[in-house]
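*Asks:* sequence? don't have it. structure:
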């Protein structure tokens, strides 16, 4: 299958390839990603995806997978919104029953995904930019618990776009939990020099230093916790060399805060 994607859409290749390569060597289990990079006709070498980037992406994915598994175990009838899903198939990778799971991405991305994986009774696609907030109206309102997952997405949105998204989600659902990764402001500024991102032409628009800044975007947002990519219980999945590097980085605030995962609660 040959694909053609540009700018932010092309960045989905980076985590797909990273997860696949880390799955091949047993660091992260994602047979779906392994199969997809074989099926898709794409020159992965042009993005120059370094192994350290692949490792980081596997760690980030593991954090989000673990959080989702824990949330779903406590709320088995929940609604899950996977925003900017790319070609990730977390729904199938986790293999857990939920009330409904929605994968959202640009129409071009969803069209590719439909050729690879079919929708089911509990797994549906939404073909839309996350910032075109009309997509929210396609989700039926009920009283189920809601989990929103955004992996490698929010840094491509502006602060105003994020504010609008949080406000729209809050107006739709009485209560929801959002788990997402975020760059620090310094990382956001320097990310333009990342070799893989430079190849795609994507632009990093947002970074945040303190989660309390996000709490100020609208009333009802509360920071629940921060999960660091350098946490010992996370880095234990890594080979010893990378485990040591990550844990050393965790000793320095600037490195620890450069890229981490936030969990936020949004309520009326």
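*Replies:* That came through, no problem. Just so we're clear, the structure is a prediction, and the values are computed from it rather than from any experiment.

*Asks:* hmm, which helix or strand of the chain has the shakiest average pLDDT?
*Replies:* helix 195-200 (a mean of 72; mean pLDDT, DSSP states H and E).

*Asks:* I would like the residues contacting the helix or strand harbouring residue 147, please.
*Replies:* Using DSSP states H and E, residue 147 maps to strand 146-150. Contact with strand 146-150 is made by 64, 68, 71-72, 75, 78-84, 90, 169, 173, 175-181, as judged by CB atoms under 8 Å, 6 or more residues apart in numbering. For every residue, glycine as well, the C-beta is placed using N, CA and C.

*Asks:* so how far is it from its chain's centroid?
*Replies:* 10 Å (CA atoms, centre = their mean, to the nearest Å).

*Asks:* Just the buried residues of it, please?
*Replies:* For strand 146-150, burial by neighbour count (16 or more other CB atoms under 10 Å) applies to 146-150.

*Asks:* Which strands border it, and is each parallel or antiparallel?
*Replies:* Strand 146-150 pairs in its sheet with strand 79-83 (parallel), strand 175-183 (parallel), by DSSP bridges.

*Asks:* Please identify the buried residues of the helix or strand containing residue 161?
*Replies:* Per DSSP H and E: residue 161 is located in helix 159-172. Buried residues in helix 159-172, counting neighbours by 16+ other CB under 10 Å, are found at 161-170.

*Asks:* Tabulate those residues in CSV, adding columns for pLDDT and distance to residue 128.
*Replies:* As requested, the buried residues of helix 159-172 are arranged in CSV below (pLDDT from 0 to 100; distance: CB to CB, whole Å):
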residue, pLDDT, distance to residue 128
161, 97, 14
162, 97, 16
163, 97, 19
164, 97, 14
165, 97, 12
166, 96, 17
167, 95, 17
168, 95, 12
169, 95, 14
170, 93, 19
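
*Asks:* Put together a markdown table for these, with distance to residue 252 on each row.
*Replies:* Formatted as a markdown table, the buried residues of helix 159-172 follow (distance: CB to CB, whole Å):
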| residue | distance to residue 252 |
| --- | --- |
| 161 | 31 |
| 162 | 27 |
| 163 | 31 |
| 164 | 34 |
| 165 | 32 |
| 166 | 30 |
| 167 | 35 |
| 168 | 37 |
| 169 | 34 |
| 170 | 35 |
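
*Asks:* how close does residue 69 sit to residue 47?
*Replies:* Per CB to CB, to the nearest Å, residue 69 is found 29 Å from residue 47.

*Asks:* So which of the two has more stuff around it?
*Replies:* Comparing residue 69 with residue 47 by other CB atoms under 10 Å, the one with more neighbours is residue 47, at 20 against 14.

*Asks:* What are the neighbouring residues in contact with the more buried one?
*Replies:* 13-14, 17, 195-196, 199-200 are the contacts of residue 47 under CB under 8 Å, 6+ apart.
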